[in-house]
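Participant: here is my input; please provide its structure:
(one chain, ligands or ions: 4)
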Amino acid sequence: AKSRGRNNVQLFAPSMLEATQERSRMAAELRSGLETGQLSLYYQPVVALATGRIIGLEALVRWRHPERGMVLPDTFIPLAEETGLIVDIGRWALAEALPQLKAWNAVVPGMRDVKLHVNLSAAELLRKDLLDDVAGTLTRCGIAPEQLVFEITETVLMTRETEEAQVLAKLGGLGVGLQIDDFGTGYSSISYLRSLPADTVKVDQSLIKGIDADEGQRDFVAAVLQLIRSAGLQAIVEGIETGGEAGRLRELGCVYGQGFHFSRPVPADAVVSLFNADFPP
Ligand code: C2E
Ligand code: CA
Ligand code: CA
Ligand code: CA
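Facilitator: Residues are numbered from 1 along each chain as shown. Ligands and ions are numbered 1, 2, ... in the order given. A predicted model of the protein is given here:
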């Protein structure tokens, strides 16, 4: 058995090494991709379910790799978070999105009421120049802090780390919105809901799957929405893929939603025409 164990180790070791090498190669490629303009932001609308009116745009990063093609963030954001590269990606995303918003503010009627949502990872809260960067870029672009919302996962918002908590409080103090992302996928959400420094909650798409067909699921979602309301927070449900789901959510009193049913994330140059389109109810 012992010799077999050793054999296993020998068989296993190369693939472990390969996986590690593959990851570090990908990290190096991501860094150079960031430096050579392979990253871009797509934007997905957040809509008022009653009218289909766009009330927000969420910026989502995309990586166009010369050989791999379009790489989705679920593959490279975790890697970027592990390697710390997320800090540079976040800095780039702000520098990209806010001037873009400034341009839209100038051409889209009523745009100043539309909020720009930017995802923020935990590590970015410890970026020393975050507050100055956010405040400075907003001022330079002539954007009111209220037009910017940071989406932060509940695990981050629940932090007991005083440094992160202070940064969150200061971000809130600037006047930017803070939103709990992926609500329903973490832990302890309920007990913390009332004390989190946030004003809106993005309900994770996994919670609404089956809502159209399953009455039990509907009751459950109704309770979750009630819980969010009773904490004094506004809910946005994400991952709405069908008109049936949108209709059910509307019946449950859900005001805001996001999902492929309304629009997939689109490149920046396709955003203005979204405002001319009517979204299906
Ligand atoms: P997220 O913040 O929860 O973003 C929502 C994800 O759901 C997006 O995936 C979006 O394209 C997808 N989605 C939207 N509507 C639907 C739908 O109806 N059905 C389904 N199945 N999916 C839908 P995406 O763009 O691949 O992003 C994945 C994650 O990567 C994001 O999850 C976010 O956590 C992270 N991410 C993306 N961009 C950034 C960024 O700039 N900074 C940071 N820190 N994280 C980012
Ligand atoms: Ca998000
Ligand atoms: Ca989410
Ligand atoms: Ca997510």
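Participant: contact residues of the stretch 151-281 of the chain facing ligand 1?
Facilitator: The stretch 151-281 of the chain has residues 151, 181-182, 205, 238-241, 259-260, 265 near ligand 1, with proximity defined as C-beta under 6 Å from any ligand atom. For every residue, glycine as well, the C-beta is placed using N, CA and C.
Participant: so which of the residues you listed sit within helices?
Facilitator: Judged by DSSP state H, those include no members of helices.
Participant: ranking the residues you listed by neighbours, who comes first?
Facilitator: For these, neighbours were counted by other C-beta atoms under 10 Å; the highest total belongs to Asp181, with 26 neighbours.
Participant: give me the distance between the residue lying closest to that one once chain neighbours are set aside and Asp214.
Facilitator: Computed as C-beta to C-beta, 6 or more residues apart in numbering, the closest residue to Asp181 that is not its neighbour in sequence is Glu151, at 4.2 Å. When distances are taken as C-beta to C-beta, to the nearest Å, Glu151 and Asp214 turn out to be 28 Å apart.
Participant: same question, Gly177
Facilitator: Between Gly177 and Asp214 the distance is 32 Å, computed by C-beta to C-beta.
Participant: more neighbours: the two, which one.
Facilitator: Remark: of Gly177 and Asp214, Gly177 carries more neighbours, 21 against 12, as counted by other C-beta under 10 Å.
Participant: pretty sure Pro145 contacts Val176?
Facilitator: Yes. In this structure, Pro145 sits in contact with Val176. The criterion is C-beta atoms under 8 Å, and the distance is 4.7 Å.
Participant: pull the most distant pair out of the residues of the stretch 151-281 of the chain next to ligand 1.
Facilitator: The two members of these with the most space between them (C-beta to C-beta) are Glu151 and Glu241, at 19.8 Å.
Participant: which element follows the helix or strand hosting Gln21 toward the C-terminus?
Facilitator: Assigned by DSSP states H and E, Gln21 belongs to helix 2-35. Using DSSP H and E, the next helix or strand after helix 2-35 towards the C-terminus is strand 39-48.
Participant: helices and strands around that next one, which ones?
Facilitator: Based on contacts counted as 3 or more C-beta pairs under 8 Å, 6 or more residues apart in numbering; DSSP states H and E, the elements that strand 39-48 packs against are strand 54-65, helix 86-107, strand 256-257, strand 266-267.
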